[in-house]
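Visitor: I need the structure of the sequence given here:
(one chain, ligands or ions: 1)
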Amino acid sequence: MGPVPLPGEGGRAPAVRAMFDRIAPTYDLLNRVMTLRVDQLWRRKMIRALELRSGQVLLDLCAGTMDVAAEARRRVPGLRVIGADFSLPMLARGAGKTGLPAAQADALALPFGGARFDAATVAFGMRNLDSLARGLSELARVIRPGGKLGVLEFFRSESAGSRLVHGAYNRLALPVLGRVLSPDPEAYRYLVESMERFASRPEFEEACRQAGFSAVRGQTLFPGVCGLVLATRQA
Ligand SMILES: C[S@@+](CC[C@H](N)C(=O)[O-])C[C@H]1O[C@@H](n2cnc3c(N)ncnc32)[C@H](O)[C@@H]1O
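Guide: Residues are numbered from 1 along each chain as shown. Here you go, the predicted model:
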């Protein structure tokens, strides 16, 4: 098993998918420990910001173990939520945990008709895609005009100070946690290096505009680590 290719290296999907298949059993635990449960606050913040309403339909893409889908359903009773992901082991845990519908699907070729959703969320999924532009254009296709997109991501840090702090945590703490909690240290090398190779938040916001989103707003949730981007599908 070689290293999982990083953003920009192309043709990564099979290796990325196999990696998530392998880490599915320990994914939730490691997430909580690595972020001291702050990851759940970030998901909650994204759901609140989207101002979803009962009766609307939300696609949670790259849903993994479906924590975002579960949070949305908890916050907005009557919301219809579907999770989609290309890793069956991740999705099976999510569907089992939440009881919500789930579809195995590739974010670059979604099996949904156009303008099918009132909103879509992607938490920590975009940086895994082979093509950011293709992923965003698929999202723009399936979200109805005026519908919302929410993205949480570990964007590449642009500030030297936070890159330093982030780099120290990534290189010192993460590998230890990865080794203790996961049978797959390669996955945690990938996690760290893919953050450092992905788009910065301003670059990602520009890609959203190029894909047909307007009112693109970004905010830093944890300096140098996690950002939230909200956007509206152009009418
Ligand atoms: C880091 S996990 C995030 C899971 C979840 N959204 C969360 O908040 O914890 C990234 C997920 O993206 C999925 N993924 C990566 N590339 C994908 C693609 N091309 N199509 C569908 N899912 C993909 C992986 O299988 C994985 O479950």
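Visitor: test my guess that residue 196 contacts residue 156.
Guide: Yes: counting by Cβ atoms under 8 Å, residue 196 does reach residue 156; the two are 6.1 Å apart. Heads up, the C-betas are built off the backbone N, CA and C, glycines and all.
Visitor: in terms of neighbours, single out the busier of those two.
Guide: residue 156 (21 against 15; other Cβ atoms under 10 Å).
Visitor: I figured the more buried one hits residue 197, correct?
Guide: Yes: using Cβ under 8 Å, residue 156 is in contact with residue 197, at 7.0 Å.
Visitor: is the ligand contacted by stretch 64-77?
Guide: Yes: using Cβ under 6 Å from any ligand atom, stretch 64-77 comes into contact with the ligand via 64, 67-68.
Visitor: quick one: that stretch to chain centroid distance?
Guide: Taking the mean of its C-alpha atoms, stretch 64-77 sits 14 Å from the chain's own mean (Cα atoms, centre = their mean, to the nearest Å).
Visitor: hmm, back to that, most neighbours among the residues of stretch 64-77 next to the ligand, which one?
Guide: In the residues of stretch 64-77 next to the ligand, the most neighbours by other Cβ under 10 Å go to residue 68, 30 neighbours.
Visitor: and the next element down the chain from the helix or strand hosting that residue?
Guide: Per DSSP states H and E: residue 68 is located in helix 67-75. Per DSSP H and E, helix 67-75 leads on to strand 80-85 as the next helix or strand towards the C-terminus.
Visitor: which other helices and strands contact whichever helix or strand comes after that next one?
Guide: Going down the chain from strand 80-85, the next helix or strand is helix 88-98, by DSSP H and E. Here helix 88-98 touches helix 13-23, helix 27-35, helix 67-75, strand 80-85, strand 102-104, going by 3 or more Cβ pairs under 8 Å, 6 or more residues apart in numbering; DSSP states H and E.
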